[in-house]
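Student: requesting a structural model of the entry that follows:
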Amino acid sequence: MAETGNTTANGTGDDRAAHGGIHVTNTGGNVTIGDHNTVTSTVNGTPPDRDPQQEELLRAIRRLRADLGGVVPTEQTGALDTELSDAEDEIEGTGRADAGRLTRLRRALTDAGAVTGILASGVAVGQAVGALLGG
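Tutor: Got it, this is the predicted structure:
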């Protein structure tokens, strides 16, 4: 924007407010304003450590979610997929699914039992959850 030499109402010569300028502070992430922008976010660090049982659960969750894509969706399979997705996100983000998450996942597996009982991946998730919850 070219300097116009005009003084604004506050006498500063800063005419951003008069022309709809934007001021962004204290962002916790990436910000882009205007046309044709590109944002690149690089996260450095190491992923959280996972114990072998959590890794096994994560693999089983991914297999079951893939298998659920081939069944006729129901309210129960939709709720199960949501719990599977949340558990997957939790394991990827923190390295483990906590007991509350595992309990909700077990309940969703039970509710969708007609489907999960015939899928090997459903049985595998149930076994992995049982091992982590101690039974």
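
Student: rest of the way, CA atoms for contacts and neighbours
Tutor: OK.

Student: mind listing what's buried in the longest helix that the chain contains?
Tutor: The longest helix of the chain (DSSP state H) is helix 75-94. Using 16 or more other Cα atoms under 10 Å as the test for burial, helix 75-94 gives 76-77, 79-81, 83-85, 87-88, 90-92.

Student: closest to A108 out of those residues?
Tutor: L80 (5.0 Å; Cα to Cα).

Student: that closest one touches A108, doesn't it?
Tutor: Yes - between L80 and A108 a contact is recorded at 5.0 Å, counting by Cα atoms under 8 Å.

Student: alpha carbons only: can I get the longest helix of the chain in PDB?
Tutor: Extracted C-alpha coordinates of helix 75-94, given in PDB (Å, rounded to 0.1, in the frame of the first residue of the first chain):
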ATOM      1  CA  GLU A  75     -26.100 -47.000  14.200                       C
ATOM      2  CA  GLN A  76     -24.000 -49.500  16.200                       C
ATOM      3  CA  THR A  77     -21.200 -49.700  13.500                       C
ATOM      4  CA  GLY A  78     -21.200 -45.900  13.200                       C
ATOM      5  CA  ALA A  79     -20.700 -45.600  17.000                       C
ATOM      6  CA  LEU A  80     -18.000 -48.300  16.900                       C
ATOM      7  CA  ASP A  81     -16.200 -46.500  14.100                       C
ATOM      8  CA  THR A  82     -16.300 -43.300  16.100                       C
ATOM      9  CA  GLU A  83     -14.800 -45.000  19.100                       C
ATOM     10  CA  LEU A  84     -12.200 -46.700  16.900                       C
ATOM     11  CA  SER A  85     -11.200 -43.400  15.400                       C
ATOM     12  CA  ASP A  86     -10.900 -41.700  18.800                       C
ATOM     13  CA  ALA A  87      -8.800 -44.600  20.200                       C
ATOM     14  CA  GLU A  88      -6.600 -44.400  17.100                       C
ATOM     15  CA  ASP A  89      -6.100 -40.700  17.500                       C
ATOM     16  CA  GLU A  90      -5.400 -41.100  21.200                       C
ATOM     17  CA  ILE A  91      -2.800 -43.800  20.700                       C
ATOM     18  CA  GLU A  92      -1.100 -41.800  17.900                       C
ATOM     19  CA  GLY A  93      -1.100 -38.600  19.900                       C
ATOM     20  CA  THR A  94      -0.200 -39.800  23.400                       C
END
